[in-house]
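> My questions are about this predicted structure, shown below with the sequence.
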Amino acid sequence: MRRVYLAGPPYAEEYRRRAEALVRELGWDPVDPMRRDFRGRTQGKESEIVEGDLAEIDSCDAVLAAFTTPDEGTAMEAWYAHTLGKPVVAYTGGTPPHPWTVYVADAVCVDLEQAVQALSDER
């Protein structure tokens, strides 16, 4: 089963919930880094957080990245996947995409449904 890493801002619960359901409908296994929830207690755990995220991205076939609001972690995760040659699909929710987002993404989509469908186009 193909796996997709769900990159996005830490407090994007609605995105994660919807993306997980849509990705499962596509027949992919969603990997949500927020299941290792460090919100409010990141200090001193930076290596554990980043190394865990990198390992999960390594284990995935693609990255679905929510760029609905600016978030450094999401940008770094998308860049890392891009450098590995993994497909990156950006979901903007209507937020105008930053040039770096467009550069690293194989597809930039306004709607989450379109973004998840774009994953299947990356097979």
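Looks like it arrived, so ask away.
> only C-alpha atoms for contact and neighbour calcs from this point on.
Will do.
> Which helix or which strand is home to V23?
helix 13-26 (DSSP states H and E).
> Which other helices and strands does that helix contact?
Contact analysis of helix 13-26 by 3 or more CA pairs under 8 Å, 6 or more residues apart in numbering; DSSP states H and E lists strand 3-7, strand 29-31, helix 112-121 as its packing neighbours.
> what's the most buried one of these?
Among the helices and strands packed on helix 13-26, strand 3-7 has the highest mean neighbour count (mean count of other CA atoms under 10 Å), at a mean of 25.
> tell me which helix or strand of this structure sits lowest on mean pLDDT?
Here the helix or strand of the chain ranked lowest by mean pLDDT, DSSP states H and E is helix 46-58, holding a mean of 88.
> May I have it exported as CSV, CA atoms only?
In CSV, the C-alpha atoms belonging to helix 46-58 read as follows (Å, rounded to 0.1, in the frame of the first residue of the first chain):
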residue,chain,number,x,y,z
GLU,A,46,13.7,19.4,18.5
SER,A,47,15.9,16.6,17.4
GLU,A,48,13.3,14.0,18.2
ILE,A,49,10.6,15.9,16.4
VAL,A,50,12.6,16.6,13.2
GLU,A,51,14.3,13.2,13.0
GLY,A,52,10.9,11.5,13.5
ASP,A,53,9.4,13.7,10.7
LEU,A,54,12.3,13.0,8.4
ALA,A,55,12.1,9.2,9.0
GLU,A,56,8.4,9.2,8.3
ILE,A,57,8.9,11.2,5.1
ASP,A,58,11.6,8.7,4.1
